[in-house]
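J.: Following is a predicted model, sequence given first.
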Amino acid sequence: MEFLRRWWKPLAFLLLLAFPWVNREPYYHSLGFFVLLYAMMATSWNIMGGYTGYKSLGHSAFYGLGAYLVAIAANKLGWNPLISAPFLAIIVALMAVLLGWIMLRTSGSAFVIATIAMLLIFRITALNLREITKGAPGISQPLPPWSPEFSRMPFYYYILFWLIVALFVSWYIRRSRFGLGLVAMRDDEGKAEMVGVNTTLYKVLAFGVSAYFVALGGGVWSYFTSHISPIYAFDILVGVDMILMTMLGGLGTLWGPVLGAFILVPARDLILFKFGSTTIYLAIIGGLMMLVIIFMPKGFLTTITGWVENRRAPRAAHQGARSMAEIYDSSSEKKHREDESSHE
């Protein structure tokens with residue numbers, strides 16, 4: 001148990017590296033890609049929704065913007081999508097900072113509605129700018145230049161690298177003064193402002209950082225699928241999936257969004273395989289999330305950690321009491337011997 005606790009991260013990394021070679025079927029490469037993609041985007045969403053408490057339902061707007069910027073750059077300028085995606089995502093992040101400066105004047109349900117409105121505006125714009133986005137039919141991209149045998153594997157390793165980067169950014173933010181300010185705002189924004197936290201600046205920056213990796217994911221996805229359209233690029237369910245994965249794994253934790261993605265994406269594929277592309281999938285996922293919210297409102301990771309700590313606490317207390325009793329017995333015995341010696 002101690003071995004796993006100390007070495008699980010390197011072991012997990014090695015397993016992820018070996019996964020495409022152990023499972024050579026293209027389906028498993030695609031499944032692995034989407035698991036890592038959603039793990040990265042859920043981690044990114046968690047920086048805003050988990051650390052600050054401002055839950056956005058419109059983050060798929062940044063997903064769609066990243067997808068279209070990469071696709072347009074590939075068609076119009078001939079840019080390699082895998083090279084251009086990280087740089088074009090910066091443009092989306094800057095747009096998010098500007099939009100966040102406007103929308104983050106609201107909070108609670110008003111902010112949620114504002115993010116949904118943002119998503120719908122971008123979706124309608126993409127449908128109507130036919131000269132740029134090709135409208136409803138969408139845009140196609142050239143196929144990747146590598147061998148069809150390895151058509152999905154490069155995407156898998158590419159997104160694995162960016163997942164590690166996103167986790168590092170999330171970890172660094174959480175341990176920094178900036179992250180402490182975000183958590184303070186989540187607990188009580190008024191008190192955080194009173195003690196000197198620039199709440200507006202912190203929220204806007206978190207919104208921009210959160211948008212970056214989602215936009216990057218959208219750009220990589222557009223090249224992965226080779227064809228995108230506004231209906232799928234600006235799909236609200238993409239943002240909903242990020243939220244569900246984060247809540248399932250553990251809201252506001254580092255590894256919770258990753259765990260949620262590793263559970264929900266394969267489960268979604270299994271449900272779609274069993275029942276087909278019907279609304280039954282949404283009903284089953286919705287029911288599962290209701291059970292999680294009712295019985296594990298803090299998420300799977302936080303709940304399990306709490307159970308383990310609660311089980312350890314009585315043992316630790318018993319061990320401590322036992323140690324104290326042994327110390328007391330030994331000291332009493334020593335004192336008794338000293339008394340006997342003095343009498344002699």
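T.: It's in.
J.: Measure how far stretch 98-118 is from the centre of its chain, please.
T.: Chain-centre distance of stretch 98-118: 20 Å, with C-alpha atoms, centre = their mean, to the nearest Å.
J.: which residues sit against it?
T.: When contacts are defined by C-beta atoms under 8 Å, 6 or more residues apart in numbering, stretch 98-118 is touched by residues 54-59, 61, 189, 200, 203-204, 207-208, 236. To be clear about C-beta, it is placed using only N, CA and C from the backbone, and glycine gets the same treatment.
J.: Over to stretch 129-138?
T.: Contacts made with stretch 129-138 from outside it, assessed by C-beta under 8 Å, 6+ apart, are listed as Tyr68, Ile72, Ala126, Leu127, Asn128, Ile139, His227, Ile228, Ser229, Pro230, Ile231, Ala233.
J.: Could you identify the most distant pair in those?
T.: Comparing all pairs in those by C-beta to C-beta, the longest separation belongs to Asn128 and His227, at 19.3 Å.
J.: circling back: dump the contacts of stretch 129-138 into JSON lines; add neighbour count and secondary structure as well.
T.: Supplementary listing: those in JSON lines, determined by neighbours: other C-beta atoms under 10 Å; DSSP: H, G, I helix; E, B strand; the rest coil:
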{"residue": "Tyr68", "neighbour count": "28", "secondary structure": "helix"}
{"residue": "Ile72", "neighbour count": "18", "secondary structure": "helix"}
{"residue": "Ala126", "neighbour count": "26", "secondary structure": "helix"}
{"residue": "Leu127", "neighbour count": "16", "secondary structure": "helix"}
{"residue": "Asn128", "neighbour count": "13", "secondary structure": "helix"}
{"residue": "Ile139", "neighbour count": "23", "secondary structure": "strand"}
{"residue": "His227", "neighbour count": "12", "secondary structure": "strand"}
{"residue": "Ile228", "neighbour count": "26", "secondary structure": "strand"}
{"residue": "Ser229", "neighbour count": "21", "secondary structure": "coil"}
{"residue": "Pro230", "neighbour count": "25", "secondary structure": "helix"}
{"residue": "Ile231", "neighbour count": "13", "secondary structure": "helix"}
{"residue": "Ala233", "neighbour count": "27", "secondary structure": "helix"}
